[in-house]
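Asks: structure, please.
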Amino acid sequence: MALKRCLLELGSGVDLHGKDSTKAARRAVFDALRHSSVSFPRVFGYETQMMSVEVNIAVPNHETVDTDDVLKEVPYGSKSINISEGGMAVPGGPDSTDATIIANAAIIVSLDIPD
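Replies: This next block holds a predicted model:
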């Protein structure tokens, strides 16, 4: 048996005014997951809990992200997460300390299937 990639889904998420990288990351995962309905594991006789779900996030201030909170967005499977610096921080303007935070998500779903 070998872990084989079956699905790659992409999403983006935004926190408009809170400068909250975790909120933007959660929204990016939510967005990615809502682009598809993952029914293929059942078609091949696998339970949804047998999926390996790898969440990859690129977001400003990546060290502030609460990874456990972001993974709550993933409904099933064995979950893992990788956070890296990226995304975008858009300043609120010349007289503002506010910023809009944009996160990108890439979610990879794999199954342990025979070679």
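
Asks: alpha carbons only for contacts and neighbour counts from here, please
Replies: OK.

Asks: who's sitting farthest from the centroid in the chain?
Replies: Ranked by distance from the centre of the chain (C-alpha atoms, centre = their mean), the top residue is residue 95, with 32.6 Å.

Asks: quick check: nearest residue in space to the residue nearest the centre of the chain, chain neighbours excluded?
Replies: Against the mean C-alpha coordinate of the chain, by C-alpha atoms, centre = their mean, the closest residue is residue 29 at 3.5 Å. Computed as C-alpha to C-alpha, 6 or more residues apart in numbering, the closest residue to residue 29 that is not its neighbour in sequence is residue 105, at 5.8 Å.

Asks: what residues are up against the one you found?
Replies: Counting by C-alpha atoms under 8 Å, 6 or more residues apart in numbering, residue 105 makes contact with 10-12, 25, 28-29, 32, 55-58.

Asks: one more pass at 6 Å, please.
Replies: By C-alpha atoms under 6 Å, 6 or more residues apart in numbering, residue 105 lies in contact with 10-12, 28-29, 56-57.

Asks: swap in residue 94?
Replies: Residue 94 neighbours (C-alpha under 6 Å, 6+ apart): none.

Asks: pretty sure it belongs to a strand, no?
Replies: No: counting by DSSP: H, G, I helix; E, B strand; the rest coil, residue 94 is located in no strand; its state is coil.

Asks: any chance you could read off phi and psi for it?
Replies: Backbone geometry at residue 94, expressed as degrees, to the nearest 10, gives phi -60, psi -30.

Asks: residue 20 too?
Replies: Dihedral angles (degrees, to the nearest 10) for residue 20: phi -100, psi 100.

Asks: now do the contacts for the residue nearest to it when sequence neighbours are not counted.
Replies: Excluding its sequence neighbours, the residue lying closest to residue 20 (C-alpha to C-alpha, 6+ apart) is residue 101, at 6.9 Å. Contacts for residue 101 (C-alpha under 6 Å, 6+ apart) come out as 14-15, 19, 88-89.

Asks: residue 101 bridge partners, please.
Replies: residue 15, residue 89 (DSSP bridges).

Asks: mind giving me the packing neighbours of the top helix by length along the chain?
Replies: The residue-count maximum for a helix in the chain (DSSP state H) belongs to helix 21-33. Judged by 3 or more C-alpha pairs under 6 Å, 6 or more residues apart in numbering; DSSP states H and E, helix 21-33 is in contact with strand 2-15, strand 99-113.

Asks: many thanks, I have nothing further to ask.
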